[in-house]
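J.: Task: produce atomic coordinates for the following.
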Amino acid sequence: MVTVSALAAMPGVEPQLESHLSMAMNTGLTESGLKQAFDLIEKNIGRQQAEAARKSLAKVVAARPEKQPR
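T.: Prediction:
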């Protein structure tokens, strides 16, 4: 989460952010939890950074395979 948050606060690192978002979700972070982190980024860093992070998250989520029901 720390790396994702740091990357989300920096402009121009979207490819790295997307890679770390994917890894974060593979290790158990949820889309909802990441969105909450981006809300904090918007409040404390800036709207542009948060919107870029949300866009990267949407891209990562769209590329992930759907979970099969058990």
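
J.: confidence score at the closest residue to E14 other than its chain neighbours?
T.: Spatial nearest neighbour of E14, chain neighbours left out: S56 (5.3 Å); criterion: CB to CB, 6 or more residues apart in numbering. In this view, the C-beta of every residue, glycine as well, is placed from N, C-alpha and C. Looking at S56, its pLDDT is 98.

J.: and S56, what does it touch?
T.: Going by CB atoms under 8 Å, 6 or more residues apart in numbering, S56 touches 8, 14, 17-18, 21.

J.: A50 and E42 touch, don't they?
T.: Yes - taking contacts as CB atoms under 8 Å, A50 lies within contact range of E42: 3.4 Å.

J.: just to revisit the earlier point, which two in the contacts of S56 are spaced the farthest apart?
T.: A8 and E18 (10.7 Å; CB to CB).

J.: and the two? which has more neighbours close in?
T.: A8 (26 against 18; other CB atoms under 10 Å).

J.: Look at G12 and give its secondary structure.
T.: What DSSP: H, G, I helix; E, B strand; the rest coil gives for G12 is coil.

J.: buried residues in stretch 43-55?
T.: Using 16 or more other CB atoms under 10 Å as the test for burial, stretch 43-55 gives 45, 49-50, 52-54.
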